[in-house]
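Visitor: Pasting the sequence and the predicted model now:
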Amino acid sequence: MRLNFAIAFLFFSLITSCTIQYTDENTTVPKGNDENNLLFDNEDTKLLKGTESIKIFGEVEEEQDIILSEHTMRSVVVKEVGLENGKRVFKGTYRYDGYSLEDILANVRLDKKSGFNPITDLFVKVYGSDGSHTIISWAEIFYPVHHNMQIIATRAARHIPFKTPDARYPLPDQTKLVISNDLITCRNIPAPVSIEICSSHGDFPEENPDPLYWPTLSMEGFTDEPVVIEKLPEELPLRESDMIFYGRGRGIHDVNPFDGYYLSDLLGLYLSPDEEMLRTGYVVASAPDGYRSVFSLSEIMNRNDRLETLITDKNNYEKAGKFSIIVTGDFFSDRAMKAMWKIVLLK
């Protein structure tokens, strides 16, 4: 009988622990041990108010509501920064606990509409309860070197500097989409309620040149008229990446460093994105053989980890070109592209 009572009590405890964080915004969980070495474990953790489930729709076999608490709780730490009159404004440092988009979307069955077989052209729109949305590329979620970087936070704790204990930045009240490798944290929208899965659509002819080569690069959406370049501007600083080039299909391609230029530096010559553009903008890079890859604008121009995408204007390691990109923030090389002929900015 005691065993039955213990099981019943444990079941009741699990049920209430899963639901309380979404119903009582003023509730906190106990502090961590401030005698240990965990630097984000010595302040109260606030339980945030919001929905218990996330609706998944768009290019999927079946719309569904996914219960957040059925997944593993993850943690990220974030220095929140906004833009005001073009200047960076510090908003506070926090630890967020919640459920990662990688876990939430892991078992969703896709029904792509683009007609393009690889998944490099996918992206998601995460909607808040107020109708606002954030763009995240599919590869940001499933391809990165560092995983579970985007979470729907249901708990928050602030970091208070021990020499300035009065610097107590406000805690949020609602659940929150948190993208922890953004520099300007404008994609961290409150009260996420749904995720739409999309693929990029547009004019993608399949030229199949042999050898795979295109002499120019067209950049559309960055200025009033398309910009066509035959070589990269000389003012771009030369960069180097030690990425190990490994694909999901063929495996290892190359282990040598790559020389090139930051794609963010190139785009920055034509664009100074504001918060809305960083939150909702995305880039489609394509080649004449029809291959394409989607990037959120933030993952190109708004990183805090310096895992930058490289662009080159010389024949790459497979003797294809002229313009190629290498995505150093991805574990797999599938979004890399040779003979790139067009980059289009959309929102």
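Guide: On my side now, so go ahead. Worth saying up front: this structure is predicted, and the values here are computed from it rather than measured.
Visitor: got the contact list for Asp289?
Guide: Taking Cβ atoms under 8 Å, 6 or more residues apart in numbering, we find Asp289 in contact with 206-209, 212, 339. Glycine gets a C-beta too; all of them are placed from N, C-alpha and C.
Visitor: List only buried entries from those residues.
Guide: Buried members of those, scored by 16 or more other Cβ atoms under 10 Å, are 212, 339.
Visitor: Could you dump the contacts of Asp289 into JSON lines with distance to Lys231 and pLDDT added?
Guide: Formatted as JSON lines, the contacts of Asp289 follow (distance: Cβ to Cβ, whole Å; pLDDT from 0 to 100):
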{"residue": "Glu206", "distance to Lys231": "26", "pLDDT": "76"}
{"residue": "Glu207", "distance to Lys231": "21", "pLDDT": "75"}
{"residue": "Asn208", "distance to Lys231": "25", "pLDDT": "78"}
{"residue": "Pro209", "distance to Lys231": "19", "pLDDT": "76"}
{"residue": "Leu212", "distance to Lys231": "19", "pLDDT": "83"}
{"residue": "Ala339", "distance to Lys231": "15", "pLDDT": "90"}
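Visitor: Pro237: which of the contacts of Asp289 is nearest?
Guide: Ala339 (24.3 Å; Cβ to Cβ).
Visitor: Filter the contacts of Asp289 down to just the ones in strands.
Guide: Using DSSP state E, no member of these falls within strands.
Visitor: May I see the contacts of Asp289 arranged in a markdown table, with distance to Tyr169 as well?
Guide: A markdown table is the format used below for the contacts of Asp289 (distance: Cβ to Cβ, whole Å):
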| residue | distance to Tyr169 |
| --- | --- |
| Glu206 | 52 |
| Glu207 | 53 |
| Asn208 | 55 |
| Pro209 | 55 |
| Leu212 | 51 |
| Ala339 | 48 |
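Visitor: For Ser100, state which of the contacts of Asp289 is nearest.
Guide: Of all these, Ser100 sits closest to Ala339, with 34.7 Å by Cβ to Cβ.
Visitor: show me what contacts that closest one?
Guide: 209, 212-214, 287-289, 320-324.
Visitor: could you pull out the helices for the stretch 51-200 of the chain?
Guide: Secondary structure of the stretch 51-200 of the chain by DSSP state H, counting those that start in this stretch: the helices cover 101-105, 138-142.
Visitor: In which helix or strand does Ile300 reside?
Guide: Per DSSP states H and E, Ile300 falls inside helix 297-301.
Visitor: Please identify the next secondary structure element, helix or strand, after that helix.
Guide: Reading on from helix 297-301 to the C-terminus, the next helix or strand found by DSSP H and E is strand 309-312.
Visitor: ok, residues contacting that following strand?
Guide: 232, 239, 241, 258-264, 266, 295, 300, 321, 323-329, 340.
Visitor: Does Leu183 touch Glu299 like I think?
Guide: No: with contact defined as Cβ atoms under 8 Å, Leu183 does not count as touching Glu299 (10.9 Å).
Visitor: More neighbours: which of these two?
Guide: Ranked by neighbour count (other Cβ atoms under 10 Å), Leu183 and Glu299 place Glu299 first, with 29 against 16.
Visitor: right, and that one touches Trp138 too?
Guide: No: look at Glu299 against Trp138 with Cβ under 8 Å: they stay out of range, at 11.3 Å.
Visitor: quick one, strands of the stretch 101-250 of the chain?
Guide: Secondary structure of the stretch 101-250 of the chain (DSSP state E, counting those that start in this stretch): strands located at 122-128, 133-137, 150-158, 176-179, 192-199, 213-214, 217-220, 227-229, 239-241, 245-247.
Visitor: can you give me the mean pLDDT across the longest one?
Guide: Along strand 150-158, the predicted local confidence has a mean pLDDT of 96.
Visitor: Parallel or antiparallel, list what pairs with that strand.
Guide: The pairing partners recorded for strand 150-158 under DSSP bridges are strand 45-47 (antiparallel), strand 87-100 (antiparallel), strand 176-179 (antiparallel).
Visitor: Measure how that strand sits relative to strand 133-137, angle-wise.
Guide: Here strand 150-158 points in a direction 120 degrees away from that of strand 133-137 (axes from the mean of the first three to the mean of the last three Cα atoms, to 10 degrees).
Visitor: pLDDT weak spots in the stretch 1-150 of the chain?
Guide: Residues of the stretch 1-150 of the chain that meet the criterion pLDDT under 70 lie in 1-33.
Visitor: quick one: contacts for the closest residue to Phe90 other than its chain neighbours?
Guide: Closest residue to Phe90 apart from its sequence neighbours, by Cβ to Cβ, 6 or more residues apart in numbering: Val81 at 5.7 Å. Residues near Val81 by Cβ under 8 Å, 6+ apart: 88-91, 183-185.
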